[in-house]
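**Q** Need coordinates for the below:
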Amino acid sequence: MADIIDPVAHNRAAWDREVDNDNEWTRPVGPDVIARARAGDWSVVLIGYEPVPRDWFPPGLAGLDVLGLASGGGQQGPILAAAGATVTVFDNSSRQLERDEEVAAREGLAIRTVLGDMRDLSAFADASFDLVFNPVSNVFCPELAPVWREAFRVLRPGGLLLTGFMNPDIFVFDAAAMERGELVVRHPLPFSSLDLPEAERAQFYGDGPVEFSHTLTEQIGGQLAAGFRLTGLVEAPHHADATAPYMPGYIATRAIRPA
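**A** Take a look at the predicted model:
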C-alpha cells in the first residue's frame, strides 16, 4: 500500500478534510485576537500551545517580510499580519489557505496565499523574506533536506527560520497501548504511518494525513547542513499525547541565515 500512495496528494486531500472536520489547527482566529495584535499584544505558537519566546522575533514586525511555511489555517499568518508584518502563507491544503483568506477579508488584512509542497518554494525568488515561520508540519513531509535548503534560499542574509517539529522518540510507541494510557515500545525509527499494516493504519489514522518521523540529524543537523546557525531551542510536552507526563513531544528551534 505504501508504494502507491503519493504523500503530497494524500495529505493535501486529508488536510482539506480536516477543515471540514473542524480540526483545532484549522480554526481561524477571532476578531478579538486580531484587535489585540494590532495593539501590539500578540503571540503565536510553533509547538502545541506554547507561545514562541518573544525575543525569538525581531524587535518590531512592521515592514518585515514573513513566509508562513506550511502554516495555513487562519491562525499564525493573520496574527503576524495584524502585528505589522507583510505575510505570505504557503500551504499544501487549499482549504487551509482559505482560512487565512477568510480572516484577511474579514479584518482588512493583506495576506498572500500560495499552494504547494513545502520542499519546493520555487514560487519565490532568492532572498525574498526576513522570517520563515514554520509551525509543526514537517511530520507530514517525506524528506527534510529540501525544506531546509529552500528556506535558506528564500531568506535574506540575517533572516530567521523559526520551526517546530515532533520529537521522533514519540513514534516508538504502540498506538493501541497509548490509547489506554500505556507506553509500549514497538516501532523502530525512523517511522512512517505508511509502514503500518493497512487495517491498523485505517484504525488509528483513518483517512487522515500520512505521518513521518524524522531523526534529530534530519531536523537539526539538516538545518546546519543547509547553512543555518542555530540560536535557540525549546521543548514542550505534546498537548494531546500519552507521552506528555514523561517526555517532551515537541521541539522548536530558532536559526539564522548568516549575513
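**Q** can you pull out the strands in this structure?
**A** For the chain, the strands defined by DSSP state E cover 45-47, 50-51, 65-69, 86-91, 111-115, 129-134, 155-166, 229-236, 250-256.
**Q** residues near residue 151, how many?
**A** Neighbours of residue 151 under the rule other CB atoms under 10 Å: 25. C-beta: built from backbone N, CA, C; applies to glycine.
**Q** pretty sure it is in contact with residue 134, am I right?
**A** Yes: here residue 151 lies in contact with residue 134, judged by CB atoms under 8 Å, at a distance of 7.3 Å.
**Q** any low-confidence regions in the stretch 1-150 of the chain?
**A** 1-3 (pLDDT under 70).
**Q** so where do the helices sit in it?
**A** 7-20, 31-38, 76-82, 94-107, 145-154 (DSSP state H, counting those that start in this stretch).
**Q** Measure how the fourth one sits relative to helix 31-38, angle-wise.
**A** To tie it back to what came earlier, the one meant is helix 94-107. Interaxial angle, helix 94-107 versus helix 31-38 (axes from the mean of the first three to the mean of the last three CA atoms, to 10 degrees): 70 degrees.
**Q** Output helix 94-107 as CSV, restricted to C-alpha atoms.
**A** Taking Å, rounded to 0.1, in the frame of the first residue of the first chain, the C-alpha atoms of helix 94-107 are listed here in CSV:
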residue,chain,number,x,y,z
SER,A,94,-6.2,24.9,-0.4
ARG,A,95,-8.9,24.7,2.3
GLN,A,96,-6.3,25.7,4.9
LEU,A,97,-5.3,28.7,2.8
GLU,A,98,-9.0,29.6,2.5
ARG,A,99,-9.0,30.1,6.3
ASP,A,100,-6.3,32.7,6.1
GLU,A,101,-8.1,34.4,3.2
GLU,A,102,-11.3,34.4,5.3
VAL,A,103,-9.6,36.3,8.2
ALA,A,104,-7.8,38.6,5.8
ALA,A,105,-11.1,39.6,4.1
ARG,A,106,-12.9,39.9,7.5
GLU,A,107,-10.2,42.1,9.1
